[in-house]
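Engineer: Pasting the sequence and the predicted coordinates here, then a few questions.
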Amino acid sequence: MTPARSAELNVLAYFVALTCLLYVIDPIGPFFDIALTYVLKDHLHASLSDVALFRLTTALPVYAAVVFGLVRDRWSPLGRQDRGYFLLFPLLLALLMVWLAVRPLTLVGVSVGVVIAMLLTRFVIAAHHGLMARLAREQAMSGRLAAVWQFTTFAVALGTSAASGLLAQYGGSRAMFWVVAAAALCMALFSLWRPRAVYGQVAAPNDARPGSLRGDLRRLATHRALYPAVTVMLLFQFSPGQGVILQYYLVDRLHGSDAMYGYWYATYLAGFLPMFLLYGYLCQRVPFGRLLFWSAVVAVPQVMPLAFIHSAWGAVLLALPIGMLGGLMWAAINDLAMRACPPGLQGALMMCVAGVNTLGVRGGDWLGTRIYAAGGDRGFLWCALATTTVYAAILLVIRWIPHAVTATTDGQPWRAVR
């Protein structure tokens, strides 16, 4: 094995381990989110509307994610650059989780604790995304990093979705806080590892030294690749035909059980996994622009088959191919985000994309509820048509991406966008 190939594998292995820990401690992640829902429902006796309001308000730091990215690009905690974020903020999170685990549980106390956890983990995520985007440029491996990152994320989501329910059933209402505290401590210990393949070339916090905050904001705002990357993410996540609408559709119109959406979602996630592996192969052989375009074409009709089924089990059977239709596009969107980053502002752009990711999901749910209610018996059909129309608009946005971002295959350095 060549030294270059060995370094690439070490980088990929490092981010597999880091991503596993990150998506256990992240309050937006499925483990924390699902387990917390059980705490709210079973221990604090919160109603459905209470849970919805809780999730909306405690996620406010996510919408301002770009702020945390800018902090990451300008500040090196403890003089350790990104490793400082992986050390300091998980330690603070572990202390917070222990505090929540030992004190009497109240809705106010849990709400305050989760908001603080959101704030702490945004710094960790900014460092994770920023470091990954930097290495993607340095080693020309954005496609492979995107594929491995998303494969790991979806695999963790599959495993922890089931684990969170078992933990709530057999571990008690406080067990989740202890598990997150343990995972946070593991991440803090993980930060002490400094593999040469990841950190050997990092001599300064940024490859473009930060200027004034106003100058960095101006450079970010005038960066041409920012806007198509953000827009493509927003459009792909703005899906009125999925999320909470599909959950209600399966139960209310197709007469499935409450557990049916869980079956559908797990099968849907599983459909992405082989496509991420395929993307990791194709990105090294097909120019990124062509791969992005055809991935978008395949994803356009993703939701439409659900409008023509007549049973909840039929929807579950369709979940795997529907997930596969979107798998290449999801990897390509994250590849695009890393390729679009301006030097020295990787954290800011990656967190901007992460912020619109959540905004797109919540916005799609908000619009979908109105379309679904107004459409009567054809409500879901109109939601599916709206999703397909939004996805088709991505094909127009792709033409807006600078050629410097799309011209190369993975493994070939790309030029900075000017």
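Structural biologist: In hand now; what should we look at? Predicted model only: the values in this text are computed from it and were never measured.

Engineer: I'd assumed A384 was in contact with M304.
Structural biologist: Yes - when contacts are counted by C-beta atoms under 8 Å, M304 is listed as touching A384 (5.3 Å). All C-beta spots, glycine's among them, are computed from the backbone N, C-alpha and C.

Engineer: Same drill for those two, tell me which one is more crowded.
Structural biologist: A384 (28 against 16; other C-beta atoms under 10 Å).

Engineer: Show me what secondary structure element comes after the helix or strand bottoming out on mean pLDDT in the chain.
Structural biologist: Least confident helix or strand, the chain: helix 48-58 with a mean of 68, by mean pLDDT, DSSP states H and E. Sequence-wise, the next helix or strand downstream of helix 48-58 (DSSP states H and E) is helix 60-63.

Engineer: packing partners for that next one?
Structural biologist: helix 107-138, helix 346-374 (3 or more C-beta pairs under 8 Å, 6 or more residues apart in numbering; DSSP states H and E).

Engineer: One more pass at 10 Å, please.
Structural biologist: helix 65-74, helix 107-138, helix 346-374 (3 or more C-beta pairs under 10 Å, 6 or more residues apart in numbering; DSSP states H and E).

Engineer: mind checking how far the last one is from the chain centre?
Structural biologist: Per C-alpha atoms, centre = their mean, to the nearest Å, the displacement of helix 346-374 from the mean C-alpha position of its chain is 12 Å.

Engineer: Name the residues of it that are buried.
Structural biologist: 346-357, 359-365, 367-369, 371-372 (16 or more other C-beta atoms under 10 Å).

Engineer: go on, the second one?
Structural biologist: Within helix 107-138, the residues that count as buried by 16+ other C-beta under 10 Å are 110, 113-137.

Engineer: Three-state assignment for the residue lying closest to V303 once chain neighbours are set aside, please.
Structural biologist: Sequence neighbours aside, G241 is the residue nearest to V303 in space, at 4.0 Å (criterion: C-beta to C-beta, 6 or more residues apart in numbering). Three-state assignment for G241 (DSSP: H, G, I helix; E, B strand; the rest coil): coil.

Engineer: quick one on the thing from earlier: if I look at M304 and A384, which residues touch both of them?
Structural biologist: Residues touching both M304 and A384 (C-beta atoms under 10 Å, 6 or more residues apart in numbering): G241.

Engineer: where are the low-confidence patches of the stretch 1-150 of the chain?
Structural biologist: 1, 38, 42, 47-52 (pLDDT under 70).

Engineer: what about A229, which SS state?
Structural biologist: Taking three-state DSSP, the label given to A229 is helix.

Engineer: Run through the residues that contact it.
Structural biologist: By C-beta under 10 Å, 6+ apart, A229 lies in contact with 223, 333-334, 336-341, 349-350, 352-353, 356, 397, 401, 405.

Engineer: if you set the cut-off to 6 Å instead, what comes out?
Structural biologist: By C-beta atoms under 6 Å, 6 or more residues apart in numbering, A229 lies in contact with 336-337, 340, 353.

Engineer: and what of A337?
Structural biologist: Counted by C-beta under 6 Å, 6+ apart, A337 has contacts 229, 350, 353.

Engineer: Turn the residues you listed into CSV, columns for distance to F154 and pLDDT.
Structural biologist: Listed next are the contacts of A337 as CSV, based on distance: C-beta to C-beta, whole Å; pLDDT from 0 to 100:
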residue, distance to F154, pLDDT
A229, 21, 94
M350, 18, 93
V353, 18, 92
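
Engineer: Report the rounded mean pLDDT for stretch 155-164.
Structural biologist: Mean per-residue pLDDT for stretch 155-164: 77.

Engineer: okay, it in CSV with CA atoms only?
Structural biologist: Presented in CSV, the C-alpha positions along stretch 155-164 are these (Å, rounded to 0.1, in the frame of the first residue of the first chain):
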residue,chain,number,x,y,z
ALA,A,155,-25.7,3.6,10.1
VAL,A,156,-25.5,5.3,13.6
ALA,A,157,-29.1,6.6,13.0
LEU,A,158,-30.3,3.1,12.3
GLY,A,159,-28.6,1.5,15.3
THR,A,160,-29.3,4.2,17.9
SER,A,161,-33.0,4.6,16.8
ALA,A,162,-33.6,1.1,18.1
ALA,A,163,-31.3,1.5,21.1
SER,A,164,-33.0,4.7,22.3
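
Engineer: Done for today, thanks.
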